[in-house]
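J.: Please find the sequence and the predicted model below.
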Amino acid sequence: MKKIVGNVSRRAILKAGAILSGGIVAGGMPLSQVIWAAEGKVLKARSPRDIVTFDPGFFAGVSDIVVMSCIYTKLARYKAGTEWGWELEAAEKIEQVDPTHVRFHLKKGIKFTGGHGEMTAKDVKFSFERVIKHNSPVKSDWGSLDRVDIEDDYTGVIVFKSPYVPVWMMSLPFDGHIVSEDAVMKATKDGGDFGLKPPAFSGPYVVADWKANQYLLLTRNPDWSGPKPGFDEIRILPISDIKTAERAYQAGDIDFTHISLDSLAMFKDAPLADSMIEEKPSLDYVWVGMNMDHPKLKDINVRKAIQWAINVPQILDAAYAGHAVVATGTIAPGLVGHRDKALVPPEGDLAKAKEFLGKAGVSDLNLTIDCLNDSTNSTIAGMVQAQLAQIGITVEVNTQDSGSFWSLGMESEGERWKDIQLFLMKFDGFPDPSPAVGYFVSGQVGVWNWQRFRSDRFDELNDRAVTINDPKERAKLYYEMQDIMEQSGAFRFLTHGGAPLMYRTTQTKAATRPDGIPLYVDFKPA
């Protein structure tokens, strides 16, 4: 999806580990010449995982996008603050001409590094169309994109085959990073994925050094002509476990990190010196999925038994210290299409669960549940194990690192998709509801739709929903889509979590999206 924290295929992990030199530098500077700044303003921040790619056309998750927003520019970008909105970046002007055409006019003087010249409308056309041409895993973010027509060096028109409402809150401010056509074509020959070897940058920062699973160093771009960012360097440390990140913050190794919901009360009751805590609502969604094609889960009565046996509030008390809100579906509160309540009540019903097992004629059922090996996921999986035991289902918990877990349900990564049964998932959310349902269409079976859930009606509604401007009418379609998902028995919605964060006030003033995702170019030094 592209936009999933830790969403990394095994192939991507192996590719990352194969960069034996350990680092890359803009303009071809050898790694041996890179030094860490002895002076200057430095921001040290935590990322939940290591960078997977520097190519914005083939990103693997939000952690990649956070970095890309520092080293490339977009026509429009998200505003920092508590309300969702966007503002111009590379574009001097952008407007919706009609339901299928968006015209933009670029600012003059935006330079690509490495002598690749000024950004033009040709680069915008190349950047957006290559996602479609090369069948990128993130092409769904562009919906019905057809092409970009060039009017002059700085003006172009983005053309969609049908109206695509998410272009304003997702495609342009999230996915719309612009790369140099000249640089990418020289680096790749066909304009495809350049992976971990970016040929040129156009943002306030450049990649100065990267050591896999150790750190990423960004330094100022000498060719940048826009507003000067607050820090001379940004050092991003990949720390997958949030508890480890909290300890790293306390040790002074990082100045910005998210913190766990179950630690929130502790940090509020005993505040750390010179630290600010901000509580942000999360758009992410967490659920227990079931592989409908697995022989043990083909019977909908078995799946419904599992749904009704899972007590969500108990899980949230254990995993999030009661600070997380129960999810009613995949679409978070505040977004178009958020349901007031789920079809299956949060507490479930053990008697009803046993009735469904009886209808299936199943006893002594043994299942597995796969999850990431961090503390939160392990706790949730353990709770599911205990709750299903109450209706006679034995569950074995398989905890895995991200490289193993995120390739489980992908047919392109081998045959393991045939063996998965239950799994615990967390996908990133966005200010537009479309991604929260779009990964469950039939075309995503064997990619991100690990439930292998299929519904013609669901697919039809998904296609229609992105064309509707009226929020109330659009919401009705998303209500029905989440009903269809839940009625399949393959989903037990848990929570959207939360996004509390902490930063050192003697070092920085943080700037984030409303959901707590950092916008590092807007961070200010103390």
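T.: That came through, no problem.
J.: What's the mean pLDDT across the longest helix along the chain?
T.: Ranked by number of residues, the top helix in the chain under DSSP state H is helix 471-487. Confidence for helix 471-487, expressed as mean pLDDT, is 98.
J.: what does it rub up against?
T.: 165, 307, 328-331, 336-339, 342-344, 433, 437, 440, 453, 455, 457-458, 461-462, 464-465, 468, 491, 493 (Cβ atoms under 8 Å, 6 or more residues apart in numbering). No exception for glycine: its C-beta is placed from N, CA and C like everyone else's.
J.: Now, these that are in strands?
T.: Phe491, Phe493 (DSSP state E).
J.: buried subset of the contacts of helix 471-487?
T.: Among those, those classed as buried by neighbour count (16 or more other Cβ atoms under 10 Å) are 165, 307, 328-331, 336-339, 342, 344, 433, 437, 440, 453, 455, 458, 461-462, 465, 468, 491, 493.
J.: which residues does Gln314 contact?
T.: Taking Cβ under 8 Å, 6+ apart, one finds Met383, Gln387 in contact with Gln314.
J.: tell me which element it is part of?
T.: helix 312-320 (DSSP states H and E).
J.: what are the ranges of the strands in the stretch 151-300 of the chain?
T.: Using DSSP state E, counting those that start in this stretch, the strands found in the stretch 151-300 of the chain span residues 155-160, 177-178, 205-211, 215-220, 233-238, 256-258, 275-278, 285-290.
J.: Which of the ones you listed sits closest to Gln400?
T.: Taking Cβ to Cβ, strand 285-290 is the member of the strands of the stretch 151-300 of the chain nearest to Gln400, at 14.9 Å.
J.: related to what we said a few turns ago, elements contacting the following helix or strand past the helix holding Gln314?
T.: Scanning forward in sequence from helix 312-320 by DSSP H and E, the next helix or strand is helix 350-360. Here helix 350-360 touches helix 300-309, going by 3 or more Cβ pairs under 8 Å, 6 or more residues apart in numbering; DSSP states H and E.
J.: just for this structure, where's the confidence low?
T.: 1-39 (pLDDT under 70).
J.: residue ranges for the helices of it, please.
T.: Using DSSP H, helices in the chain cover 10-17, 62-71, 121-133, 181-188, 242-250, 261-269, 300-309, 312-320, 350-360, 375-389, 402-405, 434-438, 456-465, 471-487.
J.: Output those helices as a markdown table; include the columns distance to Asp515.
T.: Below are those laid out as a markdown table (distance: least, Cβ to Cβ, whole Å):
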| stretch | distance to Asp515 |
| --- | --- |
| helix 10-17 | 24 |
| helix 62-71 | 10 |
| helix 121-133 | 24 |
| helix 181-188 | 30 |
| helix 242-250 | 16 |
| helix 261-269 | 14 |
| helix 300-309 | 27 |
| helix 312-320 | 16 |
| helix 350-360 | 34 |
| helix 375-389 | 18 |
| helix 402-405 | 21 |
| helix 434-438 | 13 |
| helix 456-465 | 21 |
| helix 471-487 | 18 |
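J.: Looking at the ones you listed, spot the one closest to Leu217.
T.: Ranked by Cβ to Cβ, the member of those that lies closest to Leu217 is helix 62-71, at 11.0 Å.
J.: Next one: the residue located most distally from the centre of the chain from Val302, what distance?
T.: Note on the chain: the largest C-alpha distance from the chain mean falls to Gly361, namely 39.9 Å (Cα atoms, centre = their mean). For Gly361, the distance to Val302 equals 10 Å [Cβ to Cβ, to the nearest Å].
J.: Could you do Phe458 as well?
T.: Distance from Phe458 to Val302, by Cβ to Cβ: 21 Å.
J.: ditto for Thr505
T.: 52 Å.
J.: Comparing those two, which shows the higher neighbour count?
T.: Val302 (22 against 13; other Cβ atoms under 10 Å).
J.: Verify the contact between that one and Leu367 for me.
T.: No - Val302 is beyond contact range of Leu367, at 9.2 Å (criterion: Cβ atoms under 8 Å).
J.: residues shared between the contacts of those two?
T.: By Cβ under 8 Å, 6+ apart, the residues touching both Val302 and Leu367 are Lys296.
J.: OK, contacts around Gln399?
T.: One correction, residue 399 is Thr, not Gln. Thr399 is in contact with Cys371, Leu372, Asn373, Asn377, Ser378, Ala381, counting by Cβ under 8 Å, 6+ apart.
J.: Tell me how far the residue lying closest to Asp149 once chain neighbours are set aside lies from Gln96.
T.: Leaving aside its chain neighbours, Asp149 sits nearest to Val157 (4.6 Å; criterion: Cβ to Cβ, 6 or more residues apart in numbering). In this view, Val157 and Gln96 are 11 Å apart by Cβ to Cβ.
J.: One more: Val167?
T.: For Val167, the distance to Gln96 - Cβ to Cβ - is 8 Å.
J.: backbone phi and psi for Gly414, please?
T.: phi 130, psi -160 (degrees, to the nearest 10).
J.: And for it, the neighbour number?
T.: Considering only other Cβ under 10 Å, Gly414 is surrounded by 11 other residues.
J.: May I have the helix holding Gln314 exported as CSV, CA atoms only?
T.: Only the C-alpha atoms of helix 312-320 are listed here, as CSV (Å, rounded to 0.1, in the frame of the first residue of the first chain):
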residue,chain,number,x,y,z
VAL,A,312,-11.9,-5.4,21.4
PRO,A,313,-12.0,-3.3,24.6
GLN,A,314,-10.1,-6.0,26.5
ILE,A,315,-7.4,-5.9,23.8
LEU,A,316,-7.1,-2.2,23.9
ASP,A,317,-6.8,-2.1,27.6
ALA,A,318,-3.9,-4.6,27.5
ALA,A,319,-2.1,-3.2,24.4
TYR,A,320,-2.8,0.5,24.7
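J.: which residues touch Ser127?
T.: Ser127 neighbours (Cβ under 8 Å, 6+ apart): Pro56, Gly57, Gly176, His177, Ile178, Val179, Glu181.
J.: For the last one, which non-adjacent residue is closest in space?
T.: Nearest in space to Glu181, with sequence neighbours left out and distances taken as Cβ to Cβ, 6+ apart, is Phe126 at 3.8 Å.
J.: Quick check: that neighbour touching Val184?
T.: Yes - between Phe126 and Val184 there is a contact at 7.3 Å, judged by Cβ under 8 Å.
J.: So the two - more neighbours on which side?
T.: Shown here are Phe126 and Val184; by other Cβ under 10 Å, Val184 has more neighbours (25 against 21).
J.: Return the residues in contact with that one.
T.: Phe126, Arg130, Gly191, Phe194, Pro199, Ala200.
J.: Fine by me, we can end here.
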